[in-house]
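Novice: Here's my sequence, what's the structure:
(one chain, ligands or ions: 1)
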Amino acid sequence: MLSAKEKQEDLKKQARLLEEWNKRMPVPIQSKVFISKDLPFEPEDDFFAYNQMEYSERRKMIAKNLKIVSRDDNSTHLKAHRLVKTSVKRDSQLAKNWKFRLVDDPDSIAKMFRVLGQRSMISQNREEELNNDKDQDETVPENILDYLPTYRSPEKRILLMKNLTFNKKNPIPVYCDLPFDLKNLENINIPNALVFDYTDINFINQFTEPNLTRALDMSKEGDNTIKCTCHDENGETVPCYDNVSCPCYRVNQVMRSFQEKRNNCSYTEFSSFKPILFTGTHSHFYRHVGFACSELCGCKGNCTNNALLLPNKRLFPIEVFRNNEILGFGVRTLSMIPAGTPVMEFTGEIVGDQLTPGAHWDNGDYAYQISYRDDEQLRNLIKKLNFTPEYEKLIVKLSQKKYYIDPKVQGNVGRMACHSCASNLEWVRVFQKSLSPAHVHLVMVSMVNITAGTPLTIDYGATYTKQRFESACMCGSFACLNGPDAATYSKAMTLKLSMCHKTLYDAQIKEWRQVIKPAPIESNNEANNENNLPEIVEITEKS
Ligand SMILES: C[S@@+](CC[C@H](N)C(=O)[O-])C[C@H]1O[C@@H](n2cnc3c(N)ncnc32)[C@H](O)[C@@H]1O
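Specialist: Take a look at the predicted model:
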């Protein structure tokens, strides 16, 4: 075990390595094989200059251009709400097939809180106890409202970056809310964690991952690609989901059966527009897996069998913020996000052995595992399909190895979501086009209706939280075993934890409704603002 001082030294060493490696990187783009569809991209003016810079120069540029801004959360949330409404209305596909509304039918609500209760027990590393959970205690501790997860920003904030993505079509501002920094702008610390390269799509380095690159190339041949010919003459959304002759839907259906059904739960379904409602998190996340149509299909992915369709629309305005030095940056939503929404993808470089200590520097603090050493169900499925023998052999071999998505050098906003022991997002793996690890997309799905202002959080898993947090978990949620009420919540079972989640949720919804109420959905204001993103910052002072 390293001492705190040694850990600090180690971190500094890693940062130095990161910078050096970045300098030595041989024109990285040439060595990459991009594997997803590019999203609409309209660069900000300073994108190209920033892209050429080394980390230290980027940090200097951010420090030079930061601004103090004043902001009012309520009006921001109201504008964000209107923006989402307008975007849905203007998108004919969404207008016809998707509703921007709370999931509130009693059955879904009951499932939602049961899952959240279970999730918290899993975060506490008590999954075993779930197997024999007959506890009927539903009392909620009096102080539960001290744990409201909504984050309210201070009136004065430091706008570090007006757009983390440098894509005008998907602006994500970055704020610093640390009071110390506000008083000490000249010496503000801009960490490496902010200056990574932004990418919306996964990629492979063909030199370090030759087998994955080979699999990707071979997947383009004949029957190695899974795609459908379903289409609609009138350009309507194609109903691939439920179409038993759609090959993509059929694979999706087989993957649905990977889920472990317990206590007569129904299966969680992965389609384009219906909420993805988890029925139990008992089964480990890798069983939550689906297959989606893509741009290679007759439907071009504009169908009901594409769980990546919603995240690719970048519907929900979000921001990155920092209000705690240990937690670092986090992400919060500025509008409500309905339960069961695939909110965003977690993108980066698909890597295998590079995460072995010594082979690369340690990127494990950001990387997330996407494949498993012994994925028997996937292997059986691979063998049932009509892949060429050579491709089948290769991807069966790859299915026996761990792969990760590593966003540390190039990634997206997904890498900035913090861990919570009462998280609101869950991981889902969605395959597209074929079945090698290069075809996996990692999607973060909302487990509950998330109200505006709430940080988007996910469970990093017990191994990570034990080994990688510098001290202990700092999530601040009621269920956290590093919190002041750990004695109570470490013994609470699903029912009690679910009731705590529900009490907090009810309070959040009540507060959120008060903010949204003054905004009649069909108001004239909305029509006037149609083309505008919400003005989320109001500059009052320059640094
Ligand atoms: C994937 S990154 C998340 C984004 C990170 N906060 C940043 O600034 O880039 C994971 C790192 O964030 C910090 N972190 C996230 N959640 C945390 C938590 N609940 N408690 C303590 N540290 C946390 C830890 O330093 C962790 O190694």
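Novice: what number of residues lie near the residue in the stretch 201-350 of the chain that the ligand sits nearest to?
Specialist: Nearest residue of the stretch 201-350 of the chain to the ligand: G328, at 2.6 Å (CB to the nearest ligand atom). Bear in mind the C-beta positions are built from the backbone N, C-alpha and C, glycine included. Using other CB atoms under 10 Å, G328 has 13 other residues around it.
Novice: Mind checking what secondary structure T150 has?
Specialist: Here T150 is recorded as coil under DSSP: H, G, I helix; E, B strand; the rest coil.
Novice: Output the set of residues of this structure in proximity to the ligand.
Specialist: For the chain, the residues in contact with the ligand (CB under 6 Å from any ligand atom) are 193, 326-329, 365-366, 415-416, 418-419, 468-469, 473-475.
Novice: same thing but 5 Å
Specialist: Contact residues (CB under 5 Å from any ligand atom) of the chain with the ligand: 193, 327-329, 365-366, 416, 418-419, 469, 473-475.
Novice: if we can go back for a sec, contacting residues around the residue of the stretch 201-350 of the chain closest to the ligand?
Specialist: Taking CB atoms under 8 Å, 6 or more residues apart in numbering as the criterion, G328 is in contact with P191, A193, R322, C418.
Novice: Go again with 6 Å.
Specialist: A193 (CB atoms under 6 Å, 6 or more residues apart in numbering).
Novice: still on that earlier bit, so which of the residues of the chain next to the ligand sit within helices?
Specialist: Among these, none falls in helices (DSSP state H).
Novice: Write the ChimeraX selection for whichever of those residues are buried.
Specialist: In ChimeraX, a selection of the buried entries from the residues of the chain next to the ligand looks like this (16 or more other CB atoms under 10 Å):
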select :327,329,366,416,418,419,469,473,474,475
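Novice: which one of the residues of the chain next to the ligand is nearest the ligand?
Specialist: The ligand lies nearest to G328 out of those, by CB to the nearest ligand atom, at 2.6 Å.
Novice: how close does that closest one sit to A417?
Specialist: G328 sits 11 Å away from A417, going by CB to CB, to the nearest Å.
Novice: what is the rounded mean pLDDT of the longest helix along the chain?
Specialist: Using DSSP H, we find that the single longest helix of the chain is helix 494-516. Helix 494-516 comes out with an average pLDDT of 96.
Novice: Show me how far that helix is from its chain's centre.
Specialist: Offset of helix 494-516 from its chain centre (CA atoms, centre = their mean, to the nearest Å): 22 Å.
Novice: Next: stretch 339-357.
Specialist: Offset of stretch 339-357 from its chain centre (CA atoms, centre = their mean): 9 Å.
Novice: could you give the mean pLDDT of it?
Specialist: 85.
Novice: what does that stretch rub up against?
Specialist: Contacts of stretch 339-357 with the rest of the structure, by CB under 6 Å, 6+ apart, involve 103, 112, 199, 202-204, 208, 275-277, 307, 310-311, 337, 359-360, 364, 367, 401, 403-407, 411-412, 414, 438, 441-446, 448-449.
Novice: got it, and stretch 100-118?
Specialist: With CB under 6 Å, 6+ apart, stretch 100-118 has contacts from 84, 88, 130, 275, 277-279, 281, 338-339, 447-449, 494, 497-498, 501-502.
Novice: Between the residues of the chain next to the ligand, which has the least confident prediction?
Specialist: Within these, pLDDT is lowest for F469, at 80.
Novice: who does the nearest residue to it once chain neighbours are set aside bridge with?
Specialist: In this structure, F469 finds its nearest non-sequential neighbour in H419, 7.9 Å apart by CB to CB, 6 or more residues apart in numbering. Beta bridges link H419 to I458 when assigned by DSSP bridges.
Novice: Adjust the sequence numbering to begin at 57 for everything that follows.
Specialist: From this message on, residue numbering opens at 57, which makes the last subject H475.
Novice: And the most centrally placed residue in the chain, what's its pLDDT?
Specialist: Centroid check for the chain by CA atoms, centre = their mean gives M500 as the closest residue, at 3.8 Å. M500 is assigned 97 on the pLDDT scale.
Novice: got it, and K145?
Specialist: Listed pLDDT for K145 reads 97.
Novice: List the residues that contact it.
Specialist: Shown in contact with K145 (CB under 6 Å, 6+ apart): A151.
Novice: Now do it against A151, distance only.
Specialist: According to CB to CB, K145 stands 6 Å off from A151.
Novice: all strands of the stretch 257-406 of the chain, in order?
Specialist: For the stretch 257-406 of the chain, the strands defined by DSSP state E, counting those that start in this stretch cover 259-261, 345-348, 374-378, 385-389, 398-402, 405-407.
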